[in-house]
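> Kindly generate the corresponding structure for this input.
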Amino acid sequence: MRELLRLARQLRCDSPDPREAFAHRMRIGVVVALFILIAYLLR
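Numbering: from 1, shown residues only. You can find the predicted model right below:
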């Protein structure tokens with residue numbers, strides 16, 4: 001659990017620019033979606 005929290009802190013985007021923060025969230029979302037798709041396909 002601590003490793004997940006540490007990873008979440010590293011992935012956090014503290015940019016004051018809303019456009020940059022949105023782009024960061026979209027990139028993270030795409031990576032997570034690809035990870036879930038790959039895990040599903042390998043099942």
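
> And the one helix or strand in the chain whose mean pLDDT sits lowest, what does it pack against?
One helix or strand of the chain scores below all others by mean pLDDT, DSSP states H and E: helix 2-11, with a mean of 80. For helix 2-11, not one helix or strand is in contact under the criterion 3 or more C-beta pairs under 8 Å, 6 or more residues apart in numbering; DSSP states H and E. Bear in mind the C-beta positions are built from the backbone N, C-alpha and C, glycine included.

> For residue 18, see how far away residue 25 is.
Going from residue 25 to residue 18 by C-beta to C-beta, to the nearest Å gives 10 Å.

> so how far is whichever helix or strand comes after the least confident helix or strand of the chain off the chain centroid?
Proceeding N to C from helix 2-11, the next assigned helix or strand is helix 18-42, under DSSP states H and E. Put simply, helix 18-42 sits 6 Å off its chain's centre (C-alpha atoms, centre = their mean, to the nearest Å).

> which outside residues touch helix 18-42?
With contacts defined as C-beta atoms under 8 Å, 6 or more residues apart in numbering, helix 18-42 is touched by 11, 13, 15.

> Now it: average pLDDT?
In this model, helix 18-42 carries a mean pLDDT of 92.

> follow-up on the earlier one: so for residue 25 and residue 18, which sits in the more crowded spot?
Taking neighbours as other C-beta atoms under 10 Å, residue 25 and residue 18 compare with residue 25 leading, 12 against 8.

> Nearest residue to the middle of the protein?
The centroid of the chain falls nearest to residue 28 when counting by C-alpha atoms, centre = their mean (2.8 Å).

> any idea how far residue 41 is from residue 11?
24 Å.

> Could you check which of these two is surrounded by more residues?
A direct count of neighbours by other C-beta under 10 Å for residue 11 and residue 41 places residue 11 higher, at 12 against 7.

> I'd like the distance between the spatially closest residue to the more buried one that is not a sequence neighbour and residue 37.
Computed as C-beta to C-beta, 6 or more residues apart in numbering, the closest residue to residue 11 that is not its neighbour in sequence is residue 28, at 6.0 Å. Computed as C-beta to C-beta, the residue 28 to residue 37 distance reads 15 Å.
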